[in-house]
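**Q** need a 3D model of the following:
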Amino acid sequence: MSKTIGERELVLAILLEVTRDKIPAHLALSRVLGKYQYLDKRERAFITKVTEGTLEHMIEIDYIIDQFSKIKIQKMKPVVLAILRSGVYQLRYLDHVPASAVCNEAVKLAKKKGLQGLSGFINGVLRTIARELEHIRLPQEPPATKLSVQYSVPKWMVEKWMAVYQEETVEKMIASMMEEHPTCIRFDPERISKDTLKARLKEDGVAKIKDHPALPYALWISGYDYLGALSTFEDGLFYVQDASSMMAVESLQVRQGDYIIDVCAAPGGKALHAAEKLAGTGKVDARDLTDYKVKLIEENIARSGLTNIRARRQDARILEEASVEQADIVIADLPCSGLGVLASKKDIRYNMTPEKQAELVALQREILSVVCRYVKPGGTLLYSTCTINREENEENTAWFLEDHGEFTMEKERQFLPGIDPCEGFYIAVLKKQESE
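**A** You can find the predicted model right below:
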């Protein structure tokens, strides 16, 4: 480990990027781990664990800090709050780290960041919490407040879900989002057999490999350093994709020779899955808004070795006349609140608001009204999101069908985390009537 920068300093840098600068957590974390390649597996694991854990438990952590600090969190400097948050996480959730080490390292970090005058305050708050740890009590009533603090999900989200589902179901969903989930991967059986891939993954040092119960071409893997260190990943032998996303493609009944347009394709999971199902025939047109997103798709295409898929830039809100009534299938996995994937994207919950969600509903409807025109008579439109909010899902589909009588509902399903063997996801398969 470098003597000039330590694990906790890197954790602090990531937390500040996420909470203060609003950089997505997975990007901030991967950038740091990519920059400091010399970190060993233990150091990388510690940084990942503390960063993700602090974000995952942040509402609970803030509640605890407010019980023992004379200065409330709203009035703290971002760097002070970030040091306290990561310290409280370690005290509460990392039994193998001594409380004295947590407090001492926090003080050192504060001084290194020029906060000598506040190091005593940080030390006092953390040592008090360490002493009182066994006596901390979280709120038990009302139910929405209890679940919000216990599972660190904003209260407005809990209330929204409790208006639709029973409290027991909501708690199962939220509890599942707090659990550590293995990475779900998809492989092409035409390229590599399951047994061969399992053997290669073991050679790569993957500790745990488990079959998916519903998808024969999917595995769950865990106990590895990072994806870039796996030769199986670099060789394109598998693609990281949640099972719900695979099930969305399964619902489409892709036929050889189909022309498929994926209008918001990055990073390319569903588009590549559809291209595999075409078995070397047909064509998948994978589109997205920016050059950066197109590059992500292209990198995954290159890794896959598939030749019947291309990526290009196209704003889904703008009609492309040349595509009107050309596609057998249009995949519209649209920008959404992402509240079904809180398990893998810890920070989404803190950046979403009811106002932002309303803006997303409007955007989804705008895009659907455009891209539905690309579906040929008798073709299929797949509308999907990775959220569990009715406004973005069932209500959007109902609005669309009322406004577009040429489409009928063929299939609709809401996957719920903790209830289904996947993250939260919504799919609606809509069929366009044949020409008369």
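**Q** quick check: the gap between residue 147 and residue 168.
**A** Per Cβ to Cβ, to the nearest Å, residue 147 is found 11 Å from residue 168. For the C-beta atoms, the positions are set from N, CA and C on the backbone; glycine is no exception.
**Q** what about those two, which has more around it?
**A** Between residue 147 and residue 168, counted using other Cβ atoms under 10 Å, the more crowded position is residue 147 (24 against 8).
**Q** and that one, that's in a strand?
**A** No: under DSSP: H, G, I helix; E, B strand; the rest coil, residue 147 falls outside any strand and is assigned helix.
**Q** for the nearest residue to residue 5 once chain neighbours are set aside, grab the count of nearby residues.
**A** Excluding the flanking residues, the one nearest residue 5 by Cβ to Cβ, 6 or more residues apart in numbering is residue 36, at 7.7 Å. For residue 36, the neighbour count with other Cβ under 10 Å is 16.
**Q** residue 52 too?
**A** Neighbour tally, residue 52, other Cβ under 10 Å: 19.
**Q** check the one 10 residues further on too.
**A** The number of residues packed around residue 62, counting by other Cβ under 10 Å, is 19.
**Q** how much space between the nearest residue to it once chain neighbours are set aside and residue 104?
**A** Leaving out its chain neighbours, the residue that sits closest to residue 62 by Cβ to Cβ, 6+ apart is residue 73, at 5.2 Å. Separation of residue 73 from residue 104 (Cβ to Cβ) stands at 23 Å.
**Q** was I right about the residue nearest to residue 5 contacting residue 9?
**A** No: look at residue 36 against residue 9 with Cβ atoms under 8 Å: they stay out of range, at 10.7 Å.
**Q** what touches both of those two?
**A** Listed as contacting both residue 36 and residue 9 by Cβ atoms under 8 Å, 6 or more residues apart in numbering is no residue at all.
**Q** what about residue 164, neighbour count?
**A** By the criterion of other Cβ under 10 Å, residue 164 has 13 neighbours.
**Q** what comes up buried for whatever helix or strand residue 84 lives in?
**A** Element membership of residue 84 [criterion: DSSP states H and E] is helix 78-93. By 16 or more other Cβ atoms under 10 Å, the buried positions in helix 78-93 come out as 79-92.
**Q** distance from the helix or strand following that helix to the middle of the chain?
**A** Where DSSP H and E defines the elements, the next helix or strand beyond helix 78-93 is helix 99-112. Its chain's average C-alpha position is 31 Å from that of helix 99-112, according to Cα atoms, centre = their mean, to the nearest Å.
**Q** which residues touch helix 99-112?
**A** Here helix 99-112 makes contact (Cβ under 8 Å, 6+ apart) with 6, 8-9, 12, 80, 83-84, 86-87, 90-91, 116, 118-119, 122-123, 126-127, 130.
**Q** ok and it relative to helix 78-93, angle-wise?
**A** Counting by axes from the mean of the first three to the mean of the last three Cα atoms, to 10 degrees, helix 99-112 lies at 170 degrees to helix 78-93.
**Q** now helix 99-112 - C-alpha only, PDB.
**A** Taking C-alpha atoms only, helix 99-112 is exported to PDB below (Å, rounded to 0.1, in the frame of the first residue of the first chain):
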ATOM      1  CA  ALA A  99     -13.100   0.500  17.500                       C
ATOM      2  CA  SER A 100      -9.800   2.100  18.500                       C
ATOM      3  CA  ALA A 101      -8.400   1.600  15.000                       C
ATOM      4  CA  VAL A 102     -11.600   3.200  13.500                       C
ATOM      5  CA  CYS A 103     -11.400   6.200  15.700                       C
ATOM      6  CA  ASN A 104      -7.600   6.700  15.400                       C
ATOM      7  CA  GLU A 105      -7.600   6.300  11.600                       C
ATOM      8  CA  ALA A 106     -10.500   8.800  11.400                       C
ATOM      9  CA  VAL A 107      -8.500  11.400  13.400                       C
ATOM     10  CA  LYS A 108      -5.400  10.800  11.200                       C
ATOM     11  CA  LEU A 109      -7.500  11.300   8.100                       C
ATOM     12  CA  ALA A 110      -9.100  14.500   9.400                       C
ATOM     13  CA  LYS A 111      -5.700  16.000  10.200                       C
ATOM     14  CA  LYS A 112      -4.400  14.900   6.800                       C
END
